[in-house]
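> I need the structure of the sequence given here:
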Amino acid sequence: MLFRILSFALLLLLLGGCVSNPSKDKSNLASTPEQDDTLPRLSESYFDPLGLPQGQSSSQIPEETNLWKLLTHDYQLREIQHPAIDREVQLFLARGDSLVRQLRKGEPYLYYILQEVKRRGMPGEIALLPGVESGFRPTAYSRHGAAGLWQFMPATGRYFGLKQDWWYDARRDPVASTDAALGYLQKLHKRFDGDWLLAIAAYNAGGGTVARAMRKNLERDKPVDFWSLDLPAETRQYVPRLLALARIIDHPRQYGLALPPIDNDPRFVKVEIGEQIDLKVAARLAGMTPEELLQLNAGFNRWATHPEGPHYLLLPADKAEGFTEKLAALPEDQRMRWTRYLIKPGDNLGRIARRHGITVKALMQANHLKSHRIRAGAHLMIPLSAGSTVAALGPTPNAKQRVHYQVRKGDSLYAIARQFGVKITDLKKWNQLASDRLHPGQKLTVVRTM
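Residues are numbered from 1 along each chain as shown. Below you'll find the predicted structure:
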């Protein structure tokens, strides 16, 4: 086992876990968005809390359609006992109904995640990992740059095929990130000889951190199970926290909780669109607001899908068929394809417009330009639709996506504004701040325009 650990150590050292110890190499390690100084508080509400329907609990859903029952049926780690798990259970219970509200946020994603976990033969407990990582929030960001349900760091995400650019961040895509996270966990499970606790710990701290701790114990003739390793405090809390959450969901009545009712049905389906589309147009075709569309498609950074793909949208199951029919009938010039153009020295609007077969007026409208002056090194958005005239299509979408951020030690308004690409004055306005002073634990709202 030691040989296998050492042989893979170099590769895994390059990959900080999706959530990693901030005291290590911060350039390639992730951190969860909040929890005292490390892990996320599941009691935090990042959107308006969704309360439990009066008088209804998960026990009133027929067992064969109750997602919680299906999840616990696939548990593989329930026999594990340790005082650290008991402590985490008590911490969860101290939060009361806020835990239920936070679990409710997993409703749009849990069915899909659980189906993927089952398909791979993984423990059902793994489906709850996004609850510990991000509180089931695809828009969650950490101070160190981790993002999405599974809190991938940029480098780790790219290694596992998660595209990240100006248009799109697959770390926030529920489908793409789930596939990458489960693949990563399977690799870690194989690396650590089928030990799920070590795999989960490595997902948090990084495979190299766990391997070094195991090597140190072997050299001292000590056990190399998770509970015996000298791991970062964050990781020592992270693994029992997942097991504690799983235990509570396994025995909610014992702990006096009524789980939010979730039927065993898909909440979204993946709809192929074939090419780039304006998200405002897509929302209209689906009978949704842009904000509702973005809740399921949080990976998109702009007002349109990526010109080069992925060419799909996640839509509520009951809206997919109608959307597909309307999309098929949509005129070509209303799909509004775009590309991003880097202005070169010597360029002018006329030359750029001729090169892309559009009018200068359309180019100016697309970029909200009031004059013909442009600057080398800046970018222009080029509408590529056949016969495209921006005026005929109306303004580009201005859907807003709210991200909630917890201030950490050392943060400043300047650093936070730079991280999210917004203005300091807007940050202060959104949060009604009278000064630039921040304190650790403070909650800030960031509004991203799509």
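> make it CA atoms for all contacts and neighbour counts henceforth
Fine.
> does Asn66 really touch Asp263, like I thought?
Yes. Using Cα atoms under 8 Å, Asn66 is in contact with Asp263, at 5.1 Å.
> contacting residues around Ala170?
The contact partners of Ala170, taken as Cα atoms under 8 Å, 6 or more residues apart in numbering, are 162-164, 176-177, 299.
> For the host helix or strand of Thr156, C-alpha coordinates in CSV please.
Counting by DSSP states H and E, the element that carries Thr156 is helix 154-159. Extracted C-alpha coordinates of helix 154-159, given in CSV (Å, rounded to 0.1, in the frame of the first residue of the first chain):
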residue,chain,number,x,y,z
PRO,A,154,-9.6,26.3,-10.9
ALA,A,155,-6.6,24.1,-11.5
THR,A,156,-8.2,20.9,-10.2
GLY,A,157,-11.3,21.7,-12.2
ARG,A,158,-9.3,22.1,-15.4
TYR,A,159,-7.5,18.8,-14.7
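> going on from it, what's the next piece of helix or strand?
Note on helix 154-159: by DSSP H and E, the next helix or strand toward the C-terminus is helix 174-191.
> so how far is that following helix from its chain's centroid?
Computed by Cα atoms, centre = their mean, to the nearest Å, the separation of helix 174-191 from the middle of its chain amounts to 14 Å.
> Name the next helix or strand downstream of the helix or strand bottoming out on mean pLDDT in the chain, please.
None of the helices or strands of the chain scores lower by mean pLDDT, DSSP states H and E than helix 390-393, at a mean of 32. Later in the chain than helix 390-393, the nearest helix or strand by DSSP H and E is strand 400-406.
> Packing partners of that next one?
helix 290-296, strand 443-449 (3 or more Cα pairs under 8 Å, 6 or more residues apart in numbering; DSSP states H and E).
> Tell me which residues of it come out buried.
Judged by neighbour count using 16 or more other Cα atoms under 10 Å, the buried positions of strand 400-406 are 401-406.
> Partner strands of it, with direction?
strand 443-449 (antiparallel) (DSSP bridges).
> okay, the strand it pairs with in PDB with CA atoms only?
This file holds the C-alpha atoms of strand 443-449, laid out as PDB (Å, rounded to 0.1, in the frame of the first residue of the first chain):
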ATOM      1  CA  LYS A 443     -22.200  38.500   5.000                       C
ATOM      2  CA  LEU A 444     -22.000  40.300   1.700                       C
ATOM      3  CA  THR A 445     -24.400  40.100  -1.300                       C
ATOM      4  CA  VAL A 446     -22.800  40.400  -4.800                       C
ATOM      5  CA  VAL A 447     -25.000  40.900  -7.800                       C
ATOM      6  CA  ARG A 448     -23.600  39.600 -11.000                       C
ATOM      7  CA  THR A 449     -25.200  40.900 -14.300                       C
END
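> can you give me the mean pLDDT across that strand?
Per-region confidence: strand 443-449 scores 79 on mean pLDDT.
> Can you get me the centre-to-centre distance for that strand and its chain?
Average the C-alpha atoms of strand 443-449, do the same for its chain, and the two points are 16 Å apart (Cα atoms, centre = their mean).
> Just give the closest residue to Leu198, not the sequence neighbours.
Nearest non-adjacent residue to Leu198, counting by Cα to Cα, 6 or more residues apart in numbering: Phe226, 5.8 Å away.
> Residue ranges of each domain in the chain, please.
Here the domain parsing of the chain from automatic domain parsing is 2-250, 268-334, 338-384, 407-449.
> And the strands in the stretch 251-400 of the chain, which stretches?
268-272, 312-316, 338-342, 379-383, 400-406 (DSSP state E, counting those that start in this stretch).
> Just say which of these is most tucked in.
strand 312-316 (a mean of 21; mean count of other Cα atoms under 10 Å).
> okay, the angle between that strand and helix 174-191?
100 degrees (axes from the mean of the first three to the mean of the last three Cα atoms, to 10 degrees).
> Strand 312-316 - contacts with which helices or strands?
strand 268-272, helix 290-296.
> and those, which one is worst for confidence?
Among those, helix 290-296 scores lowest, at a mean of 92.
> What is it packed up against?
helix 279-286, strand 312-316, strand 400-406.
> Please convert those to CSV, extending it with distance to Pro154 and mean pLDDT.
Compiled in CSV, the helices and strands packed on helix 290-296 are given as follows (distance: least, Cα to Cα, whole Å; pLDDT from 0 to 100):
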stretch, distance to Pro154, mean pLDDT
helix 279-286, 25, 93
strand 312-316, 22, 97
strand 400-406, 18, 73
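> Tell me which of these lies nearest to Thr235.
Comparison of these against Thr235 by Cα to Cα identifies strand 400-406 as nearest, at 20.1 Å.
> Which helix or strand lies directly C-terminal to that closest one?
In N-to-C order, the element after strand 400-406 by DSSP H and E is helix 413-420.
> what about that following helix, average pLDDT?
pLDDT averaged over helix 413-420 gives 78.
> Report the central residue of the chain.
Among the residues of the chain, Gly148 comes closest to the average C-alpha position under Cα atoms, centre = their mean, at 1.4 Å.
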